[in-house]
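> Curious how this folds, go ahead:
(chains A, B and C)
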Amino acid sequence: MKRKLVSALVCAAMVATVLAGCGNSSSDTASTDAAATEETATDDAAAEDTAAEDTAASGDLIKVGIINNDPNESGYRTANDADMKAMFTEENGYDASFAYSLKNDEQITAAQKFIQDGVDYLLLSAADTAGWDSVLMDAQAAGTRVILFDRTIDADPSLYEASIVSDMEAEGQTAVEWLAGQGLDEYNIIHIQGVMGSAAQQGRTKAVDEMVAANDNWNLVTQQTAEWNAEKAQQIVQSVIDSGQEFNVIYAENDDMAKGAVAALDKANISHGVDGDVIIMGFDTNTWALEELLAGNWNYDGQCNPYQASYIDEVIKTIESGGTIEEKTIIMEEKGFDAETITQEDIDTYGI
Amino acid sequence: MEDNAVLQMRNIHKSFPGVKALSGVDFTLRKGEIHALMGENGAGKSTLIKVLTGVYTKDEGHIYLDGHEKEVQVRSPQEAQKLGISPVYQEITLCPNLSVAENMYIGRTPGAVQNWRKMNKDADKLLKSLDIPAKATQQLSTCSLAVQQMIAIARAVDTDCKVLILDEPTSSLDEQEVEKLFKLMRDLRGRGVGIIFVTHFLDQVYEVCDRITVMRDGCLVGEYEIKDLPRVQLVSKMLGKELDDLSDIQGEYKSYERKEGELPVFEVEQLYSNAGIKPFDFHIDKGEVNGFTGLLGSGRSECVRAIFGADRVLGGKVKKNGKPIKISKPIDAMRQGIGYLPEDRKRDGIVGDLSVRDNIILAQQVLRGFLKPYSRAEADKIADEYIKLLNIKTASADTPIKSLSGGNQQKVILARWLLTHPEYLILDEPTRGIDVGTKVDIQKLVLKLASEGMSVTFISSEMDEMLRTCSRLIVMRDRRVVGELTGSDLNQTSIMSTIAGGDK
Amino acid sequence: MQTNETKNAGVSGFFGRMIRKQVMIPLAALLLLFLFNLIMDPSFFKIELGYNSAGNPVLSGFLITILDSGSELAILAIGMTLVTAATGGQDISVGATTAIAGSVLLRVLCGTNSRPETLQAPIIVAFLAACVVAMLFGAFNGVLVAVFKIQPMIATLILYTAGRSIAAWINNNELPVVSDESLTYFGEFIPGIPIPTPFFIAVACMIVIGLVLKFTNLRLYTQAVGINENSSKLNGLNPVFIKILSFVILGLCVAVVGLIKVARISTINYSVIAKDIEMDAILAVALGGNALSGGKFNMTASIIGAYVIQCLTTTLYKFQVRSDALPAYKAIVVIVLVIVSAPVVREKFNAFMAKRKVKEAA
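Purely as a prediction, here's the structure:
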């Protein structure tokens, strides 16, 4: 009896989790649906477009199964999920099903289910790089084509059609090059890292490490992981301030941590941003972060492009029309924003 | 050596630190008999059984099986099982979430491979042959308690069982279920199994057993054919009072008489609880001391627990000074002026890690409510007062109660209830396991409180004590009230014959 | 629990009495950490008065940081101590419910717009709403534990798993940002007062719990229920109610922590806010020398325990120990505590002490 109750409760909790996820997503879909219907109702030309697309897909909807990480994970993921939901709609010729999990084994189960359901395309943002070979072979056997987005996996490239990713190293490189371009005499950097071992952390850290190793006037005051957490970042910076060390750059590997770092600076009355004593750098182009840039409180924000849907759409269209994908790894274009050049338009376009 | 003896235990000794649990006990079980093992608390029944089943190792003595000359060594329960000695305990030790067949055969397959079909078939065959109404594939928890008990027995007898030990198998069964169990026991007896039956129910002993062995204080009192031992004799042997010299021990406290026109302080009608007692009537007057008596397990504690609301009350009326009141939980009873010192001091009485002070003020603090704690100074004053009043031996009021001796712990609990100034105090075995001096103190205190107008119900396993303090005794047998004794009836003979019931 | 009276006279007797005081356990740990810092770098103890970017006076220094950052933990330790005492188990959902409380707070402050120019409701209203919600979730945990008799860790696993999603759902998955200054007063400084506000909030909580423990029977009831439920019932207590109450009080603590956490950064990140704080809160209770199996408790010791953990964290940050290695250091502390408090070890230790005493006497 008691055991039944516990399991019932655990189930309820899981349903709650899913509902919480769906709650937002359904409101997302609802809004995009509304937008879409509005479009078709008012604009005949748009309807023609859709018709054209439909013919391209020979009148049938393309069945896609999308496996993503939990949209609650971060603002990046929320934007990514919303983008996918907006793209893979019936209006655009797709019949899409979604599955969310932060755990690899659950994702693999979801993939197997999608393959059984006979989806045409399996779109996958894997939680973990390993363990996917056998599932992807199953997919190949079943004629399901696989497209990876956002994250790569350790599997033979023949098992998937394309991989649309951000190049984290390039993001780091762009940022560090920008920083080098500031022409400071000495770079004393507080480097706040993300969760150790994550692709974003590794990529964004690499460029800094290389630069510091290569140049005598580049120093790391501290290099610590705040695990994407604003408060931890605040404590780390606080600790540097309390111990009286000099620094003039804060390189935070995401916006949240940059915000936490700035809170510590404000407390100690250390000026930052444009014309300030300390250069503030963040990543992920959250809208609020770009606004900080516009206000001159921060100096730089690197983009990590969450909008892969259009790239995927293009790949599918190419395959459906009989074309081939030349380069399997498609690296998305990613920008870095400078406080001195950013505009409100940039914020509206790229803010997530 | 008796020819048909399936088990003989000779001169068994067993000591624990500070206690001699068994001294020179003999026990003989014959083929195809049901043999009752009787005795009050501390008689040594369970120790004897644990020696037999290999849970304890005996210090001295011999065990013979099947009339063989060579003695056997039982070093572990597994060995006992191999020798054909199978115990079935009061608490069912099966797995409720497994099937009936799995429960019967679990842990008994030699290899890792289990032939499920064969297992289920075997189980069904055995269940059918023993006439147990259960299916092999049924989940155990869907069976009634009696059937579960029977399945436990089936499991036991299937392992080529010679000696089946049933330890209080009937305590949680209703009458019909008990009947079914007895049928199974008789059936097994017919197959030549020797059954040791441990129970507190006298009626059941006389209904189903062939022979009785009585133990007391770790010693053998004797082995009797059932027809040679009338009930009253059995009771006297269990309690250790010879019938001949009983009659002269009379209650010392003169019988209590209600004053003209006065109503009982508390009165219950047809009260019963989920603890399995039959509905009973009871009343107590102002300044009266009465008691519940009966053998262990007769339901005397359950009665007072029902009055106090400690068990879930299922029916009946309670009146205070003639007015109906409702008591469904202890706090209700406390608000009506009842205090209850529970039987199991360690489990229900003391709050071990708390100080003597906190233990004394606990009940009164609950009565005063959440927002009215005693200040530290007040609490100290109260604690000191009661420590002195009851002569509690403790290093300080700060000492955790669990480090006090049993008698002093009991005094603390007593102090706890005295502090609430109850009109009616229930004392369930207040003198168990405590030294003689403290016992006398408590008896004196009870009489003093009564003379000051408090009503007291006193329960004790020791008849002398009851006779010395109570002016009226309610006698219980097999969970029902079977008599009430006052005045000149307050003597051991009449108590024992009332307890024994049936023939005299 | 040392019960036998040692009759050692003089210094050793005094010392014996002192080390038997429960509060000495976290104090000794704190002393150890201070000593380490004193030897390694005395600047650890430096406190300076400066001005923040808004021009208000602020105190800074490691000690202030410890008092500031340790506030949340100290507040949670209060509730966790009560839950531990009453139920003999711990609530592992406090991090997730903090996210819920913070989310509710922001939802009320921001209304439907996730980035309002002005506050849509007074902070006090938002805070009270957060309190109600957090206490309801506390009651939910409490009912599971007290009524359905589920192990506290298992029961609270439900919210531990689902809580952060619920928090995200409350704000439609958006990340509200509050631009109003007044919210930061609760997480940073009130203009003109150089001591961080979270510390005042923590002190206020301590005073409240101190008064509650002094002027109500909470301590006696909770301990009695935690030590012996049967006996408590027979003394008229309602163990179910007491257990639920302890979870509700913890819920209130969670709401306060939610306020501080959100006020610190004026926004929320559902997946990382108050992450792993439950483990620190439990550790604080254990460091305070309280038995995790429930029963008697010492609130002061738990609170000091919380600051010890913060002191450890800050020290490790100061010496630039990789912060993802922090859990490993905490794990060492846990292991030591668990081993020391294990009955087997205590028995051995007592036996050893007794033997030594005999030798001394001889």
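> Quickly note the distance from the residue nearest to the spatial centre of chain C to B:Arg30.
Most central in chain C under Cα atoms, centre = their mean is C:Ala77, positioned 2.3 Å from the mean C-alpha point. Distance of C:Ala77 to B:Arg30, computed by Cβ to Cβ, to the nearest Å: 67 Å. No exception for glycine: its C-beta is placed from N, CA and C like everyone else's.
> if I read this right, the residue nearest to the centre of chain C contacts C:Tyr307, doesn't it?
No. Checked against Cβ atoms under 8 Å, the pair C:Ala77 and C:Tyr307 is beyond contact range at 9.1 Å.
> Would it be right to say that the residue nearest to the centre of chain C lies in a helix?
Yes. Using DSSP: H, G, I helix; E, B strand; the rest coil, the assignment for C:Ala77 is a helix.
> got a pLDDT number for residue 348?
Here I'm looking at chain A. At A:Asp348, the predicted lDDT confidence score is 89.
> oops, chain C please
C:Lys348 is assigned a predicted lDDT (pLDDT) of 78.
> ok, now which ones touch A:Ile108?
A:131-132, A:135 (Cβ atoms under 8 Å, 6 or more residues apart in numbering or on different chains).
> B:Thr438: how many residues sit nearby?
21 (other Cβ atoms under 10 Å in any protein chain shown).
> That one in helix, strand or coil?
Under three-state DSSP, B:Thr438 falls in the helix class.
> In the stretch 251-400 of chain B, mark out all the strands, start to finish.
Listed in chain order, the strands of the stretch 251-400 of chain B (DSSP state E, counting those that start in this stretch) span residues B:266-273, B:280-284, B:289-294, B:313-320, B:323-325, B:338-341.
> So for A:Glu314, which of these sits nearest?
strand B:313-320 (74.9 Å; Cβ to Cβ).
> Give me the average confidence score over the closest one.
Mean predicted lDDT for strand B:313-320 stands at 92.
> Stretch B:360-369 too?
94.
> just stretch B:326-333 next, same as before
Mean predicted confidence for stretch B:326-333 is 94.
> Save the contacts of A:Ile108 as JSON lines, and put in pLDDT, distance to C:Leu237 and neighbour count too.
Formatted as JSON lines, these follow (pLDDT from 0 to 100; distance: Cβ to Cβ, whole Å; neighbours: other Cβ atoms under 10 Å in any protein chain shown):
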{"residue": "A:Gly131", "pLDDT": "84", "distance to C:Leu237": "53", "neighbour count": "16"}
{"residue": "A:Trp132", "pLDDT": "88", "distance to C:Leu237": "57", "neighbour count": "23"}
{"residue": "A:Val135", "pLDDT": "89", "distance to C:Leu237": "56", "neighbour count": "22"}
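> Tabulate the residues you listed (a markdown table), appending secondary structure and distance to C:Leu106.
Formatted as a markdown table, the contacts of A:Ile108 follow (DSSP: H, G, I helix; E, B strand; the rest coil; distance: Cβ to Cβ, whole Å):
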| residue | secondary structure | distance to C:Leu106 |
| --- | --- | --- |
| A:Gly131 | coil | 38 |
| A:Trp132 | coil | 38 |
| A:Val135 | helix | 40 |
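> which among those residues gets closest to chain B?
A:Gly131 (30.5 Å; Cβ to the nearest Cβ).
> Might one say that that closest one is in contact with A:Lys103?
No. Counting by Cβ under 8 Å, A:Gly131 stays clear of A:Lys103, with 11.1 Å between them.
> What separation is there between A:Gly75 and B:Asn97?
For A:Gly75, the distance to B:Asn97 - Cβ to Cβ - is 46 Å.
> more crowded one of these two?
When A:Gly75 and B:Asn97 are compared on other Cβ under 10 Å, the one with more neighbours turns out to be A:Gly75, at 24 against 11.
> contacting residues around stretch C:226-241?
By Cβ under 8 Å, 6+ apart, the list of residues contacting stretch C:226-241 reads B:308, B:310, B:329-331, B:334, B:340, B:342, B:347-354, B:362-363, B:366-367, B:416, C:84-88, C:146-147, C:221, C:224-225, C:242, C:294-297.
> Just the buried ones from the residues you listed, in ChimeraX syntax?
Listed next is the ChimeraX selection for buried residues among those, using 16 or more other Cβ atoms under 10 Å in any protein chain shown:
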select /B:308,310,329,330,331,334,340,342,348,349,350,351,352,353,354,362,363,366,367,416 /C:84,85,86,87,88,146,221,224,225,242,294,295,296,297
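> Could you pick out the residues of the stretch 251-362 of chain C near chain A for me?
Applying Cβ under 8 Å from any Cβ of the partner chain, one finds that the stretch 251-362 of chain C approaches chain A through C:261, C:264-265, C:267, C:269-273, C:275, C:313-314, C:317-318, C:320, C:322-324.
> Among these, which lie within helices?
Within those, residues falling in helices by DSSP state H are C:261, C:264-265, C:313-314, C:317-318.
> Next, format these as a markdown table and append distance to B:Val318, neighbour count and pLDDT.
Compiled in a markdown table, these are given as follows (distance: Cβ to Cβ, whole Å; neighbours: other Cβ atoms under 10 Å in any protein chain shown; pLDDT from 0 to 100):
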| residue | distance to B:Val318 | neighbour count | pLDDT |
| --- | --- | --- | --- |
| C:Lys261 | 54 | 24 | 94 |
| C:Arg264 | 59 | 25 | 90 |
| C:Ile265 | 61 | 25 | 86 |
| C:Thr313 | 59 | 24 | 89 |
| C:Thr314 | 62 | 24 | 90 |
| C:Tyr317 | 66 | 25 | 87 |
| C:Lys318 | 68 | 20 | 87 |
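> Any buried residues in the helix or strand harbouring C:Val248, and which?
With secondary structure defined by DSSP states H and E, C:Val248 is part of helix C:239-265. Residues C:239-240, C:242-265 are the ones in helix C:239-265 that count as buried (16+ other Cβ under 10 Å).
> Stretch C:151-164 now?
By neighbour count with 16+ other Cβ under 10 Å, stretch C:151-164 contains the buried residues C:152, C:155-164.
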